[in-house]
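In: Just a sequence and a predicted model for now, questions to come.
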Amino acid sequence: MTNDSPTLNALLEHLQQFTSQSAINSSLLAIQEDANNHEQINSLCRALINEGQRHNQSAWAAHMTSSPTAASILGQVLAGLHNGNLLSPQLYPLLDKIEQQLISWFCQLYRHQYGHFTAGATYANLEALWQAREHASHDSKLVYGSHASHFSVAKACQVLGLTFQEIDTDQYDRILPSALAEVCQQQVPIAVVLTAGTSACGEIDPLSECIQICQAFDCWSHVDAAWGAGLVLLEQYQPLFCAVADADSLTIDPHKAFSQPKPCGLLLYQRPLQPLFAIDANYLEHPPKQTLPGSFGGELFLPLWSSLMFSGVADLRKQMQHRLQQAQCFAEFLTSQPYWWHHQSPTGIICFRPSADINLDDLVTLGLFSKAKVNNKTVYRCVFASQAAQATSLITALEPFC
Ligand SMILES: Cc1ncc(COP(=O)(O)O)c(C=O)c1O
């Protein structure tokens, strides 16, 4: 990213001054009637910032947490300074226009018709199934997914009084279209949840085949691309996103897929939202939208907007390419290890298992990797989500075990 904007430079300088002071105290201060000592508060704030640096290191690839850029931090500051509520969009026409501009951009990118921001993929999945339930023409309470569907899907089913049923998968946790067709024949569900970028393995369900099955049985298809959505920026994944365009709804988490700070989620859909209840909000000029969020403002999208303004789409694409290159480099190292098993997904997650007597749990404690289950077997999991993650640093940490 180019940091030659005076606004960004001033912000960075201020933050650098703040974090460069050394005395760091991580003991909590009391919540009390009077204010705490300012020196001690400053010290505690620096300790907190330091703690957040753990996923900003080259040897950190445990989870989908990225390191925010200066532009996205500026967006967070802007959101805090603005603090307007888009339940009253007429009061904040500029913020409203920015939100609409971003939604149009996303709709064009993923070839969907409508959309709104959410506080993350958990909420987007819940809203998608809520809509699916309201649009359903079948008398069913079933939702099909797989054991690799994110747990937010099962949680959403419980909230909505639906029953989640797992469909068989292949050895990399991808739904088997033949198994999906078979269960649909037995009972048509309200919705089928497909994943583009499974949380453990990073794999993508066979979207095109599964969405065609949903269409044949006239049931709602939802794609949870919380993690995998970033691939849309790359030419070679256009056929995949042609299939995504045929789904009824789509979850995207820019706070994973586009390295944005939390919270930034998005639900896109092809049909207008179904009116879900009669709304009597007599204190608001406009009736509230038929969406889950209540009060919300720029915190959901100004960091992303700021990143796009200061760095452009090309920078998001470069970041994605960089992360995938790092994943490729790490996978090549694993390939060169005799007796080690690994699987490289298309989304920048690599799962691996060293030969039998090697235990890497200390590296998990340090945040280099996490542990997960793929096809019911425990594996180490390496997630290239942060721009800071470097394959060479991870390889150096593994060398003593090779
Ligand atoms: C595929 C997938 N869907 C949904 C979620 C939930 O996302 P959030 O934490 O933004 O609610 C995750 C989280 O890792 C995920 O990997």
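Out: All right, it came through fine.

In: Quick check: residues of the stretch 101-250 of the chain near the ligand?
Out: Proximity of the stretch 101-250 of the chain to the ligand, by C-beta under 6 Å from any ligand atom, involves residues 120-122, 150, 152, 195, 197, 199, 224, 226-227. C-beta here means a position set from N, CA and C on the backbone, and glycine is covered the same way.

In: ok, now with 8 Å
Out: When proximity is defined as C-beta under 8 Å from any ligand atom, the stretch 101-250 of the chain approaches the ligand at 119-125, 149-150, 152-153, 195, 197-199, 224-228.

In: for the nearest residue to residue 346 once chain neighbours are set aside, which residues make a bridge with it?
Out: Nearest non-adjacent residue to residue 346, counting by C-beta to C-beta, 6 or more residues apart in numbering: residue 204, 6.3 Å away. Here residue 204 shows beta-bridge partners residue 196, assigned using DSSP bridges.

In: which is the next helix or strand following the top helix by length along the chain?
Out: Longest helix in the chain by number of residues, with DSSP state H as the criterion: helix 302-335. Next helix or strand after helix 302-335 toward the C-terminus (DSSP states H and E): strand 341-344.

In: Determine how far that following strand lies from the middle of the whole chain.
Out: Distance of strand 341-344 from the chain centroid (C-alpha atoms, centre = their mean, to the nearest Å) equals 23 Å.

In: Show me what that strand is packed up against.
Out: Strand 341-344 is packed against helix 302-335, strand 349-353, with contacts defined by 3 or more C-beta pairs under 8 Å, 6 or more residues apart in numbering; DSSP states H and E.

In: Give me the buried positions along the longest helix of the chain.
Out: Across helix 302-335, burial judged by 16 or more other C-beta atoms under 10 Å covers 302-308, 310-311, 315-316, 319-320, 323-324, 326-327, 330-331, 333-334.

In: quick one, what contacts residue 297?
Out: Listed by C-beta atoms under 8 Å, 6 or more residues apart in numbering, the contact partners of residue 297 are 79, 82-86, 92, 95.

In: hang on, the earlier thing: correct me if wrong: the residue nearest to residue 346 contacts residue 229.
Out: No. Contact criterion C-beta atoms under 8 Å: residue 204 and residue 229 do not qualify, at 11.0 Å.

In: quick one: which of those two has more around it?
Out: Counted by other C-beta atoms under 10 Å, residue 204 and residue 229 do not tie: residue 229 has more neighbours, with 29 against 24.

In: can I assume the more buried one sits in a helix?
Out: Yes. Counting by DSSP: H, G, I helix; E, B strand; the rest coil, residue 229 is part of a helix.

In: which residue does the stretch 201-350 of the chain bring closest to the ligand?
Out: Per C-beta to the nearest ligand atom, residue 226 is where the stretch 201-350 of the chain lies closest to the ligand, at 3.6 Å.

In: Next one: that residue from residue 377, what distance?
Out: Residue 226 sits 24 Å away from residue 377, going by C-beta to C-beta, to the nearest Å.

In: Could you check which of these two is surrounded by more residues?
Out: residue 226 (28 against 11).

In: so the more buried one sits right up against residue 253, yeah?
Out: Yes. Look at residue 226 against residue 253 with C-beta under 8 Å: they come within range, at 3.9 Å.

In: Find the residues that touch each one of the two.
Out: By C-beta under 8 Å, 6+ apart, the residues touching both residue 226 and residue 253 are 120-121, 124, 265.

In: right, and the pair among those with maximum separation?
Out: 120 and 124 (7.2 Å; C-beta to C-beta).

In: list residues touching both of those two?
Out: By C-beta under 8 Å, 6+ apart, residue 120 and residue 124 have these common neighbours: 226, 253, 265.

In: where do the helices sit along the stretch 151-300 of the chain?
Out: 151-160, 177-186, 207-216, 238-245, 254-257 (DSSP state H, counting those that start in this stretch).

In: element containing residue 62?
Out: Taking DSSP H and E as the definition, one finds residue 62 inside no helix or strand.

In: Same question for residue 396.
Out: Residue 396 is part of helix 391-398, with elements assigned from DSSP H and E.

In: And the contacts of that helix?
Out: Under the contact criterion C-beta under 8 Å, 6+ apart, helix 391-398 has outside partners 57-59, 61, 326-327, 329-330, 333, 360, 363, 368-369, 382.

In: so which of those would you say is closest to residue 340?
Out: Of the contacts of helix 391-398, the one sitting nearest to residue 340 (C-beta to C-beta) turns out to be residue 333, at 9.5 Å.

In: Let's verify residue 39: helix, strand, or coil?
Out: helix.

In: so what pLDDT did it get?
Out: At residue 39, the predicted lDDT confidence score is 89.

In: The one 5 residues further on now?
Out: The predicted local distance difference test score for residue 44 is 90.

In: what's the answer for residue 21, then?
Out: 60.

In: can you check residue 235 too?
Out: On pLDDT, residue 235 comes in at 96.

In: what's near enough to touch it?
Out: Shown in contact with residue 235 (C-beta under 8 Å, 6+ apart): no residues.

In: gap between it and residue 107?
Out: As for residue 235, its distance to residue 107 is 20 Å (criterion: C-beta to C-beta).
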